[in-house]
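Asks: From the sequence below, what's the structure:
(2 chains)
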Amino acid sequence: MKSTENTWIKVLSDAEVEKVNEQSLKILETTGIMVDHEEGLKTLEKAGAKVDHQTKRARISRELVAQCLKTVPDHFTLAARDPKQDCPLVRGGRPYSRNGGGADYTLDLETGEFRPMMLADLRGYYRLMDGLDGIDFIAPVFGHDMPVLGRDILMLREAFAGTSKNIHLRTFSGKTLKIMFEMATIVAGGKGELKKRPLVSLLEAPVSPLKFLDVSVDALFLCGEYGIPLDVCVMPIAGGTGPVTMAGNVQLLNTEFLGGVVISQLAHPGAPLQYAPRPMAMDMRTGFSLAGAIELGMMAVAGAQMAHFYNVPVSLHGPWTDSMLHDGQSTFERTYMTFMAAYAGANVLVGAGMMQQSLVTSYEQLVIDSEVNKTVIRALQGFEADDGHLAMDAIARVGPGGNFVQDPHTLRYLRGERYKPSPLILRDSRDAWTAGGGKTFEQRAKEIARTILKEHEPLPLPEDVSQALDKLVSDAMKSLKK
Amino acid sequence: MSNLLEQMQKDLYEGDADAVKAGVQKALAEGMSAEDILNKSLLAGMDRVGCDFKAGDLYIPEVLMCANAMHAGLGVLRPLLAESRGVSQSLLGKVVIGTVQGDMHDIGKNLVSMMLEGAGFEVMNLGIDVAPEKFIEAVRTQRPKIVGMAAMLTTTMPVMRTVIEALQEAGLRDKVKVLIGGAPVTSAFAKQIGADAYAPDAATAVDVARGLAA
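Replies: Residues are numbered from 1 along each chain as shown, chains lettered A, B, ... in the order given. Okay, here's the model as predicted:
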């Protein structure tokens, strides 16, 4: 696929991009960031940041930021247990999609009931996402019936059994994160192997505005140590935890990203980071943090421009919505969000399966989003316009009033021009549709989900690896209870 | 099945007209009967093409290519088959087809034409903007099994009824089956105007026409 770079959309001018960068440096120098992590503060101080240990405030010079930006890699690969599922994140490359992580609720596949996510759902979700070819790597879901302490560890154990795609982690503490990285080390076959092929990745978010919690700094440090790609997820909520203006929100999140870069690169120069601008907006009527508002997409495009400016991979929210159902609003919102993100040059499209402001994940929605993702990738592939494809000979042969159906040019280029959608997409006649039961979009999604759940078998872990994981998990769960 | 018949099916699937023709000649030279060659290689091969087309693995231009290959083979067999079972012009009979008066839409009706030819019908394509009297004249002189009408506009759909009424007045209605289609046309409309059948797409048109001609 040729580079997507010439199709990237922009909301900021080049001068505005430079101004946002310049002013982020100013904020870091004057206002600084709060780092609630003793070792983190010490690391910053040693490198020359002005640190106030009382207020945990670190003020960072532009020279230090520049130094740290130099060592951030411009590309890396989210490796998968099945190497065919690797996701190389490269400037101008195709985007890779993942589900939105951490939804607390689901819509029951059989009854449609809105209910808490359970362990059994989690297993189903991993199987389904492993089987969907428009979902490239997998973020965690958690069951309400799983123990609170060590829930992230148990989630990863399930994920390793349920998918051979890259697993995008969430953590609740530095302690459990280290255990999860040890689990990944077992599956990779050693710490060196994991560094070469990181089978897991992580998302961690500083708290807007400008505050890095203990766990966030642990994550920045540990990811560097293990060579695990980290999404620095900066998500101020415009009008709440960020300025109400779109520009102000972008200004703030960019500053937070640079703060993350400095902490990470000081501890482990060259640690792979992804810029993950997740600009949110507060509904000033209800106070809700919106997911499908068009302004989120516009701010995300600006975030992508900043990521391109720093030349780092960028992850944006794709299929998001505020809707409760698999309805027109959901499809409408997630489609424009995904296309905006993809055309902004996102390396990762986040949010498959998510509904209702990221509170709900559904099976049907994952099937639909797999198709949305594949369609947007088809669009990004563009089309060839060389002499053969421009069809000069064929046009001359057919001439006025003829048709191209049986022209040799048609047979030569027939395949590869047109994306063939999954059976989710209806392209039949009304008669054929009626004869097939007149199924709706949602019903078709449901059927595809059921078939994959029934038929798809994830690539199993080797028996010895499985046993070693079980032992590590069981020991870890005991140690957490103490 | 002999290797030769198998190879011919494969050549037909690849749309290789020359190879199919050569295969038919070779099979005849080896003493195989024209009926066997027709049924066990050409028609069996087209059945496979039809299956894969319905499954979405083949596209219309590829099906037509296969049909061309079948016709190349059939050209060799035709004189022999005419002897054995009196098949003369075509395997399935003749179809007269056209887009009705006032309507200039061409490609959909042409697709149906090509697909019908591919399936073994002899098709007389009257073109676009075809006046009712032209349909009548063609039915009278050509004696087709089927007359096919296309309309792409709700404003030209009523012309189909006019043609059917004209067929009645000319005393030809019971001599020919009427098959209609086009994007705005429905099976309910077909029933309403007294057509024999409706097909929503070119592939279905072939199936329906086969049924009407049987």
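Asks: my guess is residue B:166 meets residue B:132, correct?
Replies: Yes. The criterion here is C-beta atoms under 8 Å, and residue B:166 meets it with residue B:132 at 4.7 Å. The way it works is simple: take the backbone N, C-alpha and C, and place the C-beta from them, glycine included.
Asks: Of all residues in chain B, which one is closest to chain A?
Replies: residue B:200 (3.1 Å; C-beta to the nearest C-beta).
Asks: does that residue sit in a helix, a strand or a coil?
Replies: coil (DSSP: H, G, I helix; E, B strand; the rest coil).
Asks: coming back round to it: more neighbours, residue B:166 and residue B:132?
Replies: residue B:132 (20 against 17; other C-beta atoms under 10 Å in any protein chain shown).
Asks: my read: that one touches residue B:98, true?
Replies: No. Judged on C-beta under 8 Å, residue B:132 makes no contact with residue B:98 at a distance of 10.3 Å.
Asks: Same question for stretch A:21-32: list its buried residues.
Replies: A:21, A:24, A:25, A:27, A:28, A:29, A:32 (16 or more other C-beta atoms under 10 Å in any protein chain shown).
Asks: so what's the backbone phi/psi at the last one?
Replies: Here the main-chain torsion angles of residue A:32 (degrees, to the nearest 10) amount to phi 80, psi -180.
Asks: Show me the strands in chain B, by range?
Replies: B:93-99, B:121-125, B:146-150, B:177-181, B:197-198 (DSSP state E).
Asks: what's the closest of these to residue A:433?
Replies: For residue A:433, the closest of the strands of chain B is strand B:197-198, at 14.9 Å, according to C-beta to C-beta.
Asks: pLDDT averaged over that closest one - what is it?
Replies: What strand B:197-198 shows for mean pLDDT is 97.
Asks: go on, stretch B:95-115?
Replies: pLDDT averaged over stretch B:95-115 gives 93.
Asks: Please tell me how far it is from the chain's geometric centre.
Replies: Centre-to-centre, stretch B:95-115 and its host chain are 12 Å apart (C-alpha atoms, centre = their mean, to the nearest Å).
Asks: quick one: is that stretch near chain A?
Replies: Yes. On the criterion C-beta under 8 Å from any C-beta of the partner chain, stretch B:95-115 is in touch with chain A at B:106, B:107, B:110, B:111, B:114.
Asks: Let's have the residues you listed in a markdown table, adding neighbour count.
Replies: As requested, the residues of stretch B:95-115 next to chain A are arranged in a markdown table below (neighbours: other C-beta atoms under 10 Å in any protein chain shown):
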| residue | neighbour count |
| --- | --- |
| B:106 | 18 |
| B:107 | 12 |
| B:110 | 22 |
| B:111 | 19 |
| B:114 | 22 |
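Asks: mind listing which of these are in helices?
Replies: Judged by DSSP state H, helices contain the following of the residues of stretch B:95-115 next to chain A: B:107, B:110, B:111, B:114.
Asks: What parts of chain A come near chain B?
Replies: So chain A meets chain B at A:401, A:403, A:405-406, A:410-411, A:414-415, A:420, A:429-432 (C-beta under 8 Å from any C-beta).
Asks: For ChimeraX, what selects the buried ones among the residues you listed?
Replies: Restricted to buried positions by 16+ other C-beta under 10 Å, the ChimeraX selection for the residues of chain A next to chain B reads:
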select /A:405,406,410,411,429
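Asks: Among the buried residues of stretch A:21-32, which one lies nearest to residue A:208?
Replies: Set against residue A:208, the nearest of these by C-beta to C-beta is residue A:27 (12.7 Å).
Asks: I'd guessed the closest one sits against residue A:255; true?
Replies: Yes. The criterion here is C-beta under 8 Å, and residue A:27 meets it with residue A:255 at 4.7 Å.
Asks: between these two, what contacts are shared?
Replies: Common neighbours of residue A:27 and residue A:255, using C-beta atoms under 8 Å, 6 or more residues apart in numbering or on different chains, are residue A:210.
Asks: In contact with the closest residue in space to residue A:284 that isn't next to it in sequence: list those residues for me.
Replies: Excluding the flanking residues, the one nearest residue A:284 by C-beta to C-beta, 6 or more residues apart in numbering or on different chains is residue A:239, at 6.1 Å. Shown in contact with residue A:239 (C-beta under 8 Å, 6+ apart): A:281, A:282, A:284.
Asks: how about low-confidence regions in the chain?
Replies: Assuming you mean chain A. Low-confidence regions of chain A, defined here as pLDDT under 70, do not occur.
Asks: could you do chain B instead?
Replies: In chain B (pLDDT under 70), the answer is B:1, B:85-90.
Asks: For residue A:143, what are phi and psi?
Replies: phi -100, psi 140.
Asks: Please identify which two of the buried residues of stretch A:21-32 are farthest apart in space.
Replies: A:21 and A:32 (17.1 Å).
Asks: Compute the first-to-last residue distance for stretch A:26-40.
Replies: 21 Å (C-alpha to C-alpha, to the nearest Å).
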